[in-house]
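>>> model this:
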Amino acid sequence: MPRWYMLLARCFGCAVIEDTWHYFLHRLLHHKRIYKHIHKIHHEFQAPFGMEAEYAHPLETLILGTGFFIGIMLLCDHVILLWAWVTIRLIETIDVHSGYDIPLNPLNLIPFYAGSRHHDFHHMNFIGNYASTFTWWDRLFGTDSQFTAYIEKMKKVEKKTE
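Residues are numbered from 1 along each chain as shown. Have a look, this model is predicted:
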């Protein structure tokens, strides 16, 4: 049985591996020659909800789902780690597709956690915010620039209404 800190470290490692895979392949699925054939199905809903996370073309499920299994193949040496990673990933996936930005959500304590606002904007705008869990790839490659501008605009609107 792995110690709790090793379990957390390996789940974090799985999340980093999956997020990296997801960012680059999700961005590729938005290429104009590919999007309409595969990823457009997932974007039929502009306002995501939890179960919609799994609504996708079978090829998209295979392509993006591979990142989930790479972490397991590299880091999983005990069934409890498999269960922990599956549970964490499902909770995270449903959270980002929930449509709710809950202030006391414990996932928001994770540094660079994308959350539902990040992913909701992706479904609303279709461009940018390609990462699944963390925001660092979007920030590094500037694919969150429209989201950042949108958030700044919303902050100004909130200040005016106060």
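
>>> Now do the helices in the chain.
Chain-ordered helices for the chain, with DSSP state H as the definition, fall at 4-29, 32-35, 58-75, 79-96, 115-125, 136-141, 145-161.

>>> separation between Arg144 and Asn129?
For residue 144 the amino acid is Asp, not Arg. As for Asp144, its distance to Asn129 is 6 Å (criterion: CB to CB, to the nearest Å). In this view, the C-beta of every residue, glycine as well, is placed from N, C-alpha and C.

>>> With Glu162 instead?
Counting by CB to CB, the gap from Glu162 to Asn129 is 27 Å.

>>> Nearest residue to the most centrally placed residue in the chain in space, please, no chain neighbours.
Geometric centre of the chain, nearest residue: Ser132, 1.7 Å, by CA atoms, centre = their mean. Ranked by CB to CB, 6 or more residues apart in numbering and with sequence neighbours excluded, the top spatial neighbour of Ser132 is His22, at 4.0 Å.

>>> which residues touch the one you found?
Contacts for His22 (CB atoms under 8 Å, 6 or more residues apart in numbering) come out as Leu64, Gly67, Tyr130, Ala131, Ser132, Thr133.

>>> can you do 10 Å?
By CB atoms under 10 Å, 6 or more residues apart in numbering, the residues touching His22 are 29, 63-68, 130-134, 137.

>>> Can you give me the pLDDT of it?
Among the per-residue scores, His22 shows a pLDDT of 95.

>>> again, but for Phe49
On the pLDDT scale, Phe49 gets 69.

>>> With Ala53 instead?
Looking at Ala53, its pLDDT reads 69.

>>> Could you list the low-pLDDT ranges of the chain?
Where the chain drops to pLDDT under 70, the residues are 48-53.

>>> swap the cut-off to 90 and go again
Across the chain, residues meeting the criterion (pLDDT under 90) sit at 1, 35, 39-57, 76, 90-111, 114-128, 132, 151, 154-162.

>>> related to what we said a few turns ago, got TSV for the helices of the chain, with distance to Ile41 too?
Formatted as TSV, these follow (distance: least, CB to CB, whole Å):
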stretch	distance to Ile41
helix 4-29	11
helix 32-35	10
helix 58-75	7
helix 79-96	16
helix 115-125	13
helix 136-141	22
helix 145-161	23
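
>>> Thanks again, I'm all set now.
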